[in-house]
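>>> Generate coordinates for the sequence data below:
(2 chains)
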Amino acid sequence: MTTLSASLTPRRLLDRVVDVFTSPKSGPVLVTAILFLLMYVGGGLRYHGFFAGQVVLNLLIDNAYLIVLAVGMTFVILTGGIDLSVGAVVALSTIIAARLLQLGWSPGVVIVLILIITSLLGLLVGLMIQVFKVQPFIATLAAMFLSRGLCYIIAKESITISNPFFKAMANIRISLGYRLSITPSVVIALVVLVIAVWVLQYTRFGRTTYAIGGGEQSGMLMGLPTARTKVLVYVISGFCSGLAGVLFSFYTLSGYALSAVGTEMDAIAAVVIGGTLLTGGYGFVLGSALGVLVLGLIQTVISFEGTLSSWWTKIFIGALLLVFIILQKVLTSRRT
Amino acid sequence: MEESPATAPLENPAPVVEMTDISISFPGVKALDAVSFRMFPGEVHSLLGENGAGKSTLIKALTGVYSIDSGVIRLDGRKVTFSGPAQAQAAGISTVYQEVNLLGNLTVAENVMLGREPRRFGGINWRAMRKRSAEILSGLHLNIDPGSLLNSHSLAIQQLVAIARAIDVQAKALILDEPTSSLDTEEVAELFRVIRTLKDSGVAILFVSHFLEQVYEISDRLTVLRNGQLVGEYLTEELLRIDLVQAMIGKELSVLDDLEAQVHSTEKDRAVGAKSRTFVEARRLTRKGAIAPMDLSIDEGEVVGLAGLLGSGRTELARLLGGVDRADSGQVSVHGEPVKLRTPRQAIKHRIAYSSENRRSEGVVDELSVRDNIILALQADRGWLRPIPRKRQDELAASYIEALNIKTPNADALVRNLSGGNQQKVLLARWLAIAPRLLILDEPTRGIDIGAKAEIQKLVYGLAENGMSVLFISAELEEVLRLSNRIVVLRDRKKVADLPNDGLSVDALLTLIAEGAPAPSHTIGAES
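Numbers count the residues shown, from 1 in each chain, chains lettered A, B, ... in the order given. You can find the predicted model right below:
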């Protein structure tokens, strides 16, 4: 431990590298990063025009809402929980937005209202889990059916959004020079990401989130506010779902009860591929964003291939998930 | 010896913590009955007692995990009530629990500092946190990287990190609940060095351990609890080890002796050590953290009593033989044939049945009827493809209810609604139904009423008469002496004596448990 870094022999360096890769904390996320680079380079060599910077930016543009969802999901999964309601809450948000805008409400009020509603829904779920000791799987399943059902009460058919602000958000391109551009949604998603990184790494709330995943009982005995944190985590996931719903309605310019079906599974897949352990305690929110990009890249590769049916995306994601979950098992069992 | 209040050390007569007449009841149990306890600054105070004596209840009462029914807790002379460990900690009472209650997925620095981490710009200042925790750790001569993950370190290191955390809270009183149970000798020495450092700096330390050696080495004062009651507070140097063990284990009630006199009177001459065949033999059976290499043989029809304190390895040995835990090394043979006992199922195939000391969690199934509980092991042994016909089930249940005198309205009653003694009998019936050759009974009489106790003892005796081998474990030495043909004494995970039960007295047994003095007679059975 006293040796200077200059005295790192190749042997010791190798040990360090092995250590980093086999740590349950950093191992999976590194593997994901390498996978992403390999896929990107491989795609670039195989397809013409794949290396264009806009391809990566389009990944962000197409998946901005999923990044926000994955951020919320990361908080939940870090505590060892799960949130199955996020897809339905996205649909609920889009349909509330479309309906209220149709009635002539101001977009600012609509967005704030959506965020409040979805946060309250998250609070409800969190209280169910913390106070009544309902399994997260069951509590969020209930919230999923509730949200999906509410969608149909508001509107059965798809409602097109014609509000100028929403349209502007869909069409505005923020130029980055070199003929590269992003949408405002990407900026919002990245801001959410940065805030989440800071919260998880630098606040007691964030560290308590990890603590709950590592051992709720221990955390409580250490005097950490585990009860409050566990509820808040679902509020965050609810808020993120609402925000993702708003971004999704920017993207699709419509509200529909059947939209975002199965998106909760995409979010969970992204979080797991991004290196967060499903049992909680280990993982990074940046990893989850990387997971979203890997999912997006698979899709891009398949569309570049041209001949493959889009269902191959699901097959690849499934295989990838399997590999990552086994990887997690191996890494954690090696340590304990 | 009973009521000798120890005098406080002269230099500092005011206790930091003073608990007076604390009582706590749980449904159906009086866990603590007017127990008083004090802790002095710069002193190590050991809390002793067998399972269920109330040690952990007392600790939880002090740290606010349980609320007390009556009594007063004073900290520095002021009356306090804590609503939880966080509050107790803030007031200066820190606890380090037996199982390391830290977070393996976080860094060492976080585990030391979390909850009062240094901040900067509204967030955690990681650099300051690493620096501060490194200082605390080096104060304990612990040179580990504060940025490393906690679970990359050994249990002993984790234990010391837990103590580092406790010290950083500016603890006035430090509670160490079985800190040494998973440490080896060197690690214990390291821990004791840290404890002494803390003691010299004026911290009052409560130390709990099942290892009497350690208790005598580190503590200045002892308090003994038994069945939720205070036996006494003593100065370590004034209490002989044998008196301590006697205080912990206690004497049997005379009323039970009367009842059991019947058992005794029916006792025919037992052919001790006659030419019966060896049923099971274990050679150098070892499991890390449970028992040191141990030899044991049990003859057919023999009752072997295991005597020793909690943590001496008595339950651990039983679990190895019952296939519940796997041995790291060593060999078990049945009738001379080497066998593998890796699961209870394998053990049952060799007709070895293990009845756990945790009747509720590892024994009866609360929500099933008496009949279902009785046939459970037999059905599992037959395999689920060959269900026991209902008629046979009824016969079995009826015969055992009668034979063991199980007090239940009928065979369909839920076991949950039976008394502890009757639950124990149901459990016995379950094992008897598979006709075991060796029955391992771990504390079968704990927490049940005197009548049922005597009946179970009578039953064990009868079974052995019919050729069944029994390994009998009990904290009550009178019981062990009464039933066993041979007694094996365990201490600190080692076998210290293996001797036939002829004219052995409770006092002699107590001496063996306390001192482990190898009496000349214990070399019997060393002929192999």
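
>>> contacts and neighbour counts: CA atoms only from here.
Fine.

>>> pretty sure A:Leu78 is touching A:Gly280, no?
Yes: with contacts defined as CA atoms under 8 Å, A:Leu78 counts as touching A:Gly280 at a distance of 4.1 Å.

>>> Identify the contacts common to these two.
A shared contact of A:Leu78 and A:Gly280, defined by CA atoms under 8 Å, 6 or more residues apart in numbering or on different chains, is any residue touching both; here these are A:Tyr210, A:Ile212, A:Gly213.

>>> Now do the contacts for the nearest residue to B:Lys30 once chain neighbours are set aside.
The shortest distance from B:Lys30 to any residue that is not its chain neighbour, by CA to CA, 6 or more residues apart in numbering or on different chains, is 6.3 Å, and that residue is B:Ile24. When the contact criterion is CA under 8 Å, 6+ apart, the partners of B:Ile24 are B:Lys30, B:Ala31, B:Leu32, B:Asp33, B:Ser67, B:Ile68, B:Asp69, B:Ser70.

>>> hmm, back to that, including neighbour count, secondary structure and distance to chain B, could the shared contacts of A:Leu78 and A:Gly280 go into a markdown table?
Conversion of the shared contacts of A:Leu78 and A:Gly280 to a markdown table gives the following (neighbours: other CA atoms under 10 Å in any protein chain shown; DSSP: H, G, I helix; E, B strand; the rest coil; distance: CA to the nearest CA, whole Å):
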| residue | neighbour count | secondary structure | distance to chain B |
| --- | --- | --- | --- |
| A:Tyr210 | 28 | helix | 8 |
| A:Ile212 | 26 | helix | 9 |
| A:Gly213 | 25 | helix | 8 |
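
>>> that older thread, go through the contacts of B:Ile24 and name the one nearest chain A.
The closest of those to chain A turns out to be B:Ser67 (CA to the nearest CA; 15.8 Å).

>>> can you tell me the helix or strand for the closest one?
Take DSSP states H and E as the rule and B:Ser67 turns out to sit in neither a helix nor a strand.

>>> Tell me both backbone torsions, phi and psi, for it.
Phi and psi for B:Ser67, reported as degrees, to the nearest 10, are phi -90, psi 150.

>>> Would you confirm that it contacts B:Ser83?
Yes: taking CA under 8 Å as the definition, B:Ser67 is a contact partner of B:Ser83 at 7.4 Å.

>>> Mind checking which of those two has more residues around it?
In this view B:Ser67 and B:Ser83 are compared by other CA atoms under 10 Å in any protein chain shown, and B:Ser67 has more residues nearby, 17 against 14.

>>> Now do the same contact list for that one.
Applying CA under 8 Å, 6+ apart to B:Ser67 gives the contacts B:Ile24, B:Ala61, B:Phe82, B:Ser83.

>>> What residues does chain B have near chain A?
Along chain B, the residues adjacent to chain A under the rule CA under 8 Å from any CA of the partner chain are B:85-86, B:89, B:101-106, B:114-115, B:122-125, B:145, B:151-152.

>>> Any quick PyMOL command for the buried ones out of the residues you listed?
Buried members of these can be picked out in PyMOL with the line below, counting by 16 or more other CA atoms under 10 Å in any protein chain shown:
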select buried, chain B and resi 85+86+89+101+102+103+104+105+106+114+115+124+145+151+152
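
>>> Narrow the residues of chain B next to chain A to those in strands?
If you go by DSSP state E, the residues of chain B next to chain A have B:Gly123, B:Ile124 in strands.

>>> In a strand, B:Leu230, correct?
Yes: when classified by DSSP: H, G, I helix; E, B strand; the rest coil, B:Leu230 is found to be part of a strand.

>>> quick one: it and B:Leu222 touch, right?
No: contact criterion CA under 8 Å: B:Leu230 and B:Leu222 do not qualify, at 11.4 Å.

>>> Those two: which has the busier surroundings?
B:Leu222 (25 against 21).

>>> Next one: that one from B:Leu191, what distance?
Distance check for B:Leu222 against B:Leu191: by CA to CA, to the nearest Å, it reads 19 Å.

>>> ditto for B:Pro387
For B:Pro387 relative to B:Leu191 (CA to CA), the value is 55 Å.

>>> So between these two, which is more surrounded?
Neighbours per residue, other CA under 10 Å: of B:Pro387 and B:Leu191, the larger number sits with B:Leu191, 21 against 12.

>>> my read is that one is in a helix, agree?
Yes: counting by three-state DSSP, one finds B:Leu191 located in a helix.

>>> Start and end of stretch B:470-488, how far apart?
Using CA to CA, one end of stretch B:470-488 lies 13 Å from the other.

>>> got the buried residues for it?
Counting neighbours by 16+ other CA under 10 Å, one finds that the buried residues in stretch B:470-488 are B:470-477, B:479-488.

>>> quick revisit: tell me the least confident of the contacts of B:Ser67?
When these are compared on pLDDT, B:Ser83 comes out lowest, with 84.

>>> List the backbone torsions phi and psi for it.
Backbone torsions of B:Ser83, given as degrees, to the nearest 10, read phi -100, psi 0.

>>> So, low pLDDT: which residues of chain B?
Across chain B, the stretches falling below the confidence threshold (pLDDT under 70) are B:1-13, B:27-29, B:51-52, B:98-100, B:168-169, B:181-182, B:184, B:250-276, B:447-451, B:516-528.
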